[in-house]
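>>> okay, sequence plus prediction incoming.
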Amino acid sequence: MRLVVTLLLLHLLLLLAACTGGSPTSTGTVCPDPDPGTLTYDNFGKPFMEKYCTWCHNSTLTRSKRNGAPLYHDFDSLMGVLQTPDHIDQQTGIGPEASNDFMPPERCPSEPGGALVVSCAKPTDEERRQLAEWIACERNRPHTF
Ligand code: HEC
């Protein structure tokens, strides 16, 4: 009897492990209060997006040049980023409730809009944590747009 219970529990654990690899989930990251202001668009968000994302998610690229990146997910400006902050967190952020590494994908162009010829540069886990925190803080800051 005890063996059966143990096996059942093991099975459940395995199932759980399989699920957490699963689908885009909000990281549950909150901006510290008060906002430390250490991660900004200029010192973090912009270089992050340019290194990992704007190869495809770029307002200057027409539909056929985006390598499948959805329209209106353009991360070459702060306004573009703040139009889909939750989706970015769910695809790419790490935080208390999820570790998301869905974006960037495996293959990237070597110049924005080009053919998929190189391996995409991947953010480190620390950068993914910083991304989630920066988004959580930046969305509450005052903007003029
Ligand atoms: C090689 C091109 C490419 C790069 C680079 C890339 N993406 Fe994507 N992105 C895609 C494609 C294709 C899709 C749509 C397919 C999918 O949803 O899996 C997508 C979908 C998305 C979505 C939308 C999901 C939804 O439907 O809500 C978000 C958000 C996103 N990417 C964020 C990012 C972020 C953040 C980066 C940089 C860390 C990034 N992407 C880098 C190609 C790219």
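On my side now, so go ahead. A quick note: this is a predicted structure, and the numbers were derived from the prediction, not measured.

>>> tell me which residue is most central in this protein.
Nearest to the mean C-alpha position of the chain, by Cα atoms, centre = their mean, lies Thr92 at 1.7 Å.

>>> mind listing what it touches?
Residues near Thr92 by Cβ atoms under 8 Å, 6 or more residues apart in numbering: 52, 100-104, 123, 128, 131. In this view, the C-beta of every residue, glycine as well, is placed from N, C-alpha and C.

>>> what about Glu126, neighbour count?
9 (other Cβ atoms under 10 Å).

>>> helix/strand/coil for it?
Following DSSP: H, G, I helix; E, B strand; the rest coil, we place Glu126 in the helix state.

>>> the chain against the ligand: which residues are in contact?
Contact residues, the chain versus the ligand (Cβ under 6 Å from any ligand atom): 52-53, 55-57, 67-70, 73, 84, 87-88, 91-92, 103-105, 108, 120.

>>> and these, which of them are buried?
The neighbour-count test (16 or more other Cβ atoms under 10 Å) applied to the residues of the chain next to the ligand identifies 52-53, 55-57, 67, 69, 73, 84, 88, 91-92, 103-104, 108, 120 as buried.

>>> going by distance to Lys46, which of those wins?
Lowest distance from Lys46 to those (Cβ to Cβ) belongs to Cys53, with 10.6 Å.

>>> just the element for Leu71, please.
Under DSSP states H and E, no helix or strand contains Leu71.

>>> pLDDT weak spots in the chain?
1-21 (pLDDT under 70).

>>> could you redo the last one with a cut-off of 90?
Scanning the chain for pLDDT under 90 picks out the ranges 1-22.

>>> so where do the helices sit in it?
2-20, 46-52, 78-83, 85-92, 125-138 (DSSP state H).

>>> from the chain's centroid, how far away is the last one?
By that I understand helix 125-138. The chain centroid and the centroid of helix 125-138 are separated by 9 Å, computed with Cα atoms, centre = their mean, to the nearest Å.
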